[in-house]
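>>> whatever this is, show me its structure:
(one chain, ligands or ions: 1)
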Amino acid sequence: MSLDGRKVLLIVTGGIAAYKSLELVRLLRKSGCGVTAVMTAAAAQFVTPLALQALTENKVYSDLFSLNDESEMGHIQLSRAADLIVVAPATANTLAKMAAGLADDLASTLLLATDKPVLVAPAMNVRMWLHPASVQNMAVLAARGVAVAGPDDGVMACNEFGPGRLAEPAAIFAAIAALLTPQPRPLAGRHVLVTSGPTHEPIDPVRYIANRSSGRQGHAIAAALAALGARVTLVSGPVALPDPAGVQTMHVETAAEMLAACVAALPADVGVFAAAVADWRVDNAGSQKLKKSPGGAPPQLALTQNPDILATIAAAGPQRPRLVVGFAAETHDVRRYAAEKRQRKGCDWIIANDVSPGTGIMGGAENEVLLVSADGIEAWPRLGKDEVARRLAARIATTFTP
Ligand SMILES: Cc1cc2nc3c(=O)[nH]c(=O)nc-3n(C[C@H](O)[C@H](O)[C@H](O)COP(=O)(O)O)c2cc1C
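Next comes the predicted model:
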């Protein structure tokens, strides 16, 4: 992939993964892309300015109050000369400063002073990433249109496991290339409704029935459709994920709320119903916390059927999206159940997967799906959920291409 003549301003912040920024510089330089690096003071604890200077073949900047650089208003000029600003790795601290608009060093000042597109590649300990402060900061940045690469799941330098690992340099490079290369927008002018995540059905004000859906697949689909130019409304159950960039996200808890949000979002050209909606809710949910009484019997929960969101939207008459895509998560007989479900729900496609515990799919980073349509059943290989999303978005786009 050639990025000849393009210019990236790379901000390296102080995380243990900072050494991987050197490999990213190498990939960018190999593609013909010019790179100027800015380091935070903390970053210089992890990689040397000399290494970045040698690989970028450019001066490395780190001082906001440099007399020489500031005689040319360096903190403004640096971003003006770039096509894209990339923060890799992006620490929790720098992401928080970006979200809050703080400008107390060269990196944060030029991030506030720029009008260029920004890509961040977060890298931090799993608990830092999942902390409500970081979740909120990422939501703020996403809503502002900041692009995000990663983070990945996996074993971390601190020996913990989970999301927070810096995306691989090759993946960050691919995200940069996508942002610097004009993308086809085959879904421009189309409105797509996507549901994602689990629903929570209250038992009483403090307890609820839930499921193991993480929302990763649905959120990735919403992002992939937006990348193809669609206006996307995402109706999300409770998840620990940031809202995808460039997507209008509505947050709901119960199946009834999800249905109401979906109906309110119509008309749509496409509906993708990836949420794991609870089939049942508690009919006799307590308005006060249910109490244990000594020697008393446990409460009897009476369940009642939830509204069927997929079937309701697929039968919405003139409001029915032209293409309705349902999801089927099964633990056995996946092909048979998926084909039956497509007929029964009146949808066009079913994306089916086997969520038996051994597959690691529910809540995991990968998915292995079947695309069930009127034309038959297509088996896709096991792929990252982002890649499944990109393939599905591309397939949806083909149905709108004359
Ligand atoms: C050994 C070590 C590793 C660290 N790794 C990370 C990391 O991966 N991600 C992160 O957000 N902070 C990490 N930190 C904390 C940051 O260095 C610290 O928050 C710092 O203030 C970040 O400054 P900066 O955002 O200006 O670069 C690490 C600290 C130490 C001592």
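
>>> could you give the number of residues near residue 262?
Residue 262 has 25 neighbours, counted by other CB atoms under 10 Å. Where C-beta positions appear, they are placed from N, C-alpha and C, glycine not excepted.

>>> are we agreed that it is in a strand?
No - judged by DSSP: H, G, I helix; E, B strand; the rest coil, residue 262 forms no part of a strand; its state is helix.

>>> ok, it - contacts?
193, 195, 235, 271, 309, 312, 313 (CB atoms under 8 Å, 6 or more residues apart in numbering).

>>> and the stretch 1-150 of the chain, which residues reach the ligand?
13-17, 40, 42-43, 91-94, 123-124, 128 (CB under 6 Å from any ligand atom).

>>> closest one to residue 23 out of those residues, please.
The closest of these to residue 23 turns out to be residue 17 (CB to CB; 10.4 Å).

>>> residue 89 is in contact with the closest one, correct?
Yes - assessed by CB atoms under 8 Å, residue 17 is found in contact with residue 89 at 4.4 Å.

>>> contacts only, for residue 231.
Going by CB under 8 Å, 6+ apart, residue 231 touches 190, 191, 192, 248.

>>> of the residues of the stretch 1-150 of the chain next to the ligand, which count as buried by neighbour count?
Neighbour-count burial (16 or more other CB atoms under 10 Å) applied to these gives 13-17, 40, 42-43, 91-94, 123-124, 128.

>>> tell me which of those fall in helices.
92, 93, 94, 128 (DSSP state H).

>>> so who does the third one touch?
This means residue 94. 11, 13, 40, 87, 107, 108, 111.

>>> now do 7 Å
Residues near residue 94 by CB atoms under 7 Å, 6 or more residues apart in numbering: 13, 40, 87, 107, 108.

>>> circling back to that earlier point, and the two most separated of the contacts of residue 231?
Greatest spatial distance among the contacts of residue 231 (CB to CB): 190 and 248, at 14.0 Å.

>>> so these two - more neighbours on which side?
The residue with more neighbours, out of residue 190 and residue 248, is residue 190; 22 against 16, by other CB under 10 Å.

>>> any idea how far the residue nearest to residue 284 when sequence neighbours are not counted is from residue 119?
Leaving aside its sequence neighbours, residue 284 sits nearest to residue 302 (CB to CB, 6 or more residues apart in numbering; 5.0 Å). Residue 302 sits 50 Å away from residue 119, going by CB to CB, to the nearest Å.

>>> which one of those two has more residues nearby?
residue 119 (21 against 10).

>>> that one should be in a helix, yeah?
No - assigned with three-state DSSP, residue 119 falls outside any helix and is strand.

>>> that one contacts residue 175, correct?
Yes - the pair residue 119 / residue 175 is scored as a contact, 6.0 Å apart, by CB atoms under 7 Å.

>>> so what's in contact with these two at the same time?
With contacts taken as CB under 7 Å, 6+ apart, the residues that reach both residue 119 and residue 175 are 147, 149.

>>> need the residues touching each of residue 17 and residue 89.
Between them, residue 17 and residue 89 share these contacting residues under CB under 7 Å, 6+ apart: 123, 166.
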